[in-house]
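> this one's sequence-less:
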């Protein structure tokens, strides 16, 4: 399938242990830096987002201080393109999403992960998003064995407590 000049492989195999979606954003870059510096060496990691050039820049910048990042894969996916999200979910054991606002951009990725049996984590503090993802995709995740875990980061702390 081709979309916006990008070709997506529609044969899904679990190529990566972790795919970080939103790797070129502020929080995504911080998460990528942490993974490059602390994840086990044999973990297969990929950076994901809409823009290949930005992903390549992010990987190159990481590799300057963490040479292992040169081996990080790149996955082109867009939150408005269901097929690219299915391919992303199908390529990973775990997807970490830093793409928000989650209510606007996150539900299609949760759906793709729930149906693929891919574990999903985010840092959403958006209660309505979490509730809607449970309402819509709990059964699919339960049936596929996917674990959907929201609120895994600072954004999860209520602002009045932060």
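Everything's here; your move. Small disclaimer: the values here were computed from a predicted structure and weren't measured.

> what's the helix or strand harbouring residue 142 packed up against?
Assigned by DSSP states H and E, residue 142 belongs to helix 127-144. Counting contacts by 3 or more C-beta pairs under 8 Å, 6 or more residues apart in numbering; DSSP states H and E, helix 127-144 is packed against helix 102-105, helix 107-116, strand 148-149. Any C-beta I mention is one placed from the backbone N, CA and C, and that applies to glycine too.

> how about that helix: buried residues?
129, 130, 132, 133, 137, 140, 141 (16 or more other C-beta atoms under 10 Å).

> Let me have the residues you listed in TSV, adding distance to residue 99 and pLDDT as columns.
Putting these into TSV (distance: C-beta to C-beta, whole Å; pLDDT from 0 to 100) gives the following:
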residue	distance to residue 99	pLDDT
129	12	95
130	15	95
132	16	98
133	14	98
137	17	98
140	20	97
141	19	97
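
> how about residue 16, phi and psi?
Note on residue 16: backbone dihedrals following degrees, to the nearest 10 are phi -120, psi 150.

> Contacts only, for it.
By C-beta atoms under 8 Å, 6 or more residues apart in numbering, the contact list for residue 16 reads 44, 45, 46, 73, 75, 91, 92, 93.

> Double-check residue 39 against residue 45; I have them as touching.
Yes: here residue 39 reaches residue 45: they are 6.4 Å apart, a contact under C-beta atoms under 8 Å.

> joint contacts of those two?
residue 18.

> When the two are compared, which one has more neighbours?
For the pair residue 39 and residue 45, the greater number of neighbours falls to residue 45 (22 against 15), based on other C-beta atoms under 10 Å.

> Enumerate every residue touching that one.
Listed by C-beta under 8 Å, 6+ apart, the contact partners of residue 45 are 16, 17, 18, 19, 20, 35, 36, 39, 72, 73.
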